[in-house]
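Chemist: Next come a sequence and a model predicted from it.
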Amino acid sequence: MTTGPHGHRADEPCEAGLELYARALREGGVPHQEADSLPCLIDSSLLEPDLEDIRWLRPVAPAIALPRLLHTSAEDIARQRQREARLAEAFAPLMRIDGRHTAAADTSTISTLSGTERINRAIAQAMADANEELLAVQPHIGQPSNTLTALDRDQAMLDRGARIRTLYQHTARHWPPVIARYELIKGDVEARTLDEVTQRLIIIDRTVAFIPASKDRTLALEVRNPALISFFVTTFERLWRLGTPMYPEAATQPTLNGITPRQRAIASLLIEGHTDTAIAERLGMNVRTTRVHIAKLAETLGSESRAQLGYLIGQSGILEQPDQER
């Protein structure tokens, strides 16, 4: 187990860390920079980023933090028992501190994960315990996601008899990393695509879900609340029914009246007044490709200007056609 700057396990609070944690319990939080030299507080989940003000860290109630620490320990049985005894002794005086400033009691079902490594570790642990199903929404983010570690993790779950269903944006149908992924893994796997999808969503065995909590995805929420899990599953299933099959058998995306499905999606956003940049972001394309599609759409409809294009889209009725691609 890696040790921190104070010569102890990275996921076990040191004396200095416990002192800062005790102050956070009394005061309701501490500035983020005060914990920079005590990473054990974050690794031990004693302090969590305040989503309303990322400059501050707020304390997790000792009664919640202690069981979480005991549960995540990966040491052998003998060392685990020693660690439990040390933590119980350390937390005994903390339990007597007034807990009015601690996070709400329902944080046991919604946990904040800070840092990509910690997020991936939590997802991997949840998948290692799963035997039924993984539902995922993977928006196009421009970075390969099929590392060998991720593929091995998915394959291990499939080998246990589970199934994996994933929703991508249409642009993923021709994205080499996605294509390579489905050439490498074997099992009960399906993939579909939509013009637009939600932010990243991972649901494992319908008991735990992971969603981003910051735009750069360095913060995530681990959700175990049954009502929220049910909401996420319902949302996924409804999007899934709208999706176009991509794997194991790809459905044909026909051109209607000379307008491709991609151009129809762009046309819909154009008449809503979105810029080229906004359209590209929502459909997972680069701006240059978006503008090529807009030019082809204008040529097909006989438009000579952006204003005229909007008018011709409305008059053409192309957005009223049944969506044959889904």
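Modeler: Okay, I see it.
Chemist: Would you mind listing the buried residues in the helix ranked longest in the chain?
Modeler: Identified as the longest helix of the chain according to DSSP state H is helix 226-242. Residues of helix 226-242 classed as buried: 229, 232-233, 236, 239-240 (neighbour count, 16 or more other CB atoms under 10 Å). Every residue, glycine included, has its C-beta placed from N, CA and C.
Chemist: Now tabulate those residues in a markdown table and tack on distance to residue 31 and pLDDT.
Modeler: Listed next are the buried residues of helix 226-242 as a markdown table, based on distance: CB to CB, whole Å; pLDDT from 0 to 100:
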| residue | distance to residue 31 | pLDDT |
| --- | --- | --- |
| 229 | 34 | 94 |
| 232 | 33 | 95 |
| 233 | 38 | 95 |
| 236 | 38 | 95 |
| 239 | 40 | 91 |
| 240 | 44 | 93 |
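Chemist: Stretch 90-109: end-to-end distance?
Modeler: 24 Å (CA to CA, to the nearest Å).
Chemist: in this protein, which spans are strands?
Modeler: 30-31, 47-49, 56-59, 110-114, 133-138, 163-169, 188-194, 201-204, 208-212, 219-223, 244-247 (DSSP state E).
Chemist: As CSV, the ones you listed with mean pLDDT would be great.
Modeler: Shown next, in CSV, are those (pLDDT from 0 to 100):
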stretch, mean pLDDT
strand 30-31, 92
strand 47-49, 88
strand 56-59, 90
strand 110-114, 91
strand 133-138, 94
strand 163-169, 93
strand 188-194, 92
strand 201-204, 96
strand 208-212, 96
strand 219-223, 94
strand 244-247, 89
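Chemist: contacting residues for the residue lying closest to residue 154 once chain neighbours are set aside?
Modeler: Nearest non-adjacent residue to residue 154, counting by CB to CB, 6 or more residues apart in numbering: residue 185, 5.5 Å away. Neighbour list for residue 185: 151, 154-155, 158 [criterion: CB atoms under 8 Å, 6 or more residues apart in numbering].
Chemist: where does residue 185 fall, phi/psi-wise?
Modeler: phi -90, psi 150 (degrees, to the nearest 10).
Chemist: For residue 149, see how far away it is.
Modeler: Per CB to CB, to the nearest Å, residue 185 is found 13 Å from residue 149.
Chemist: got any residues that touch both of those two?
Modeler: By CB under 8 Å, 6+ apart, no residue touches both residue 185 and residue 149.
Chemist: Sketch out the low-pLDDT regions of the chain for me.
Modeler: 1-11, 70-78, 98-108, 140-148, 251-257, 320-326 (pLDDT under 70).
Chemist: wait, residue 264 sits on residue 318?
Modeler: Yes: checked against CB atoms under 8 Å, the pair residue 264 and residue 318 is within contact range at 5.8 Å.
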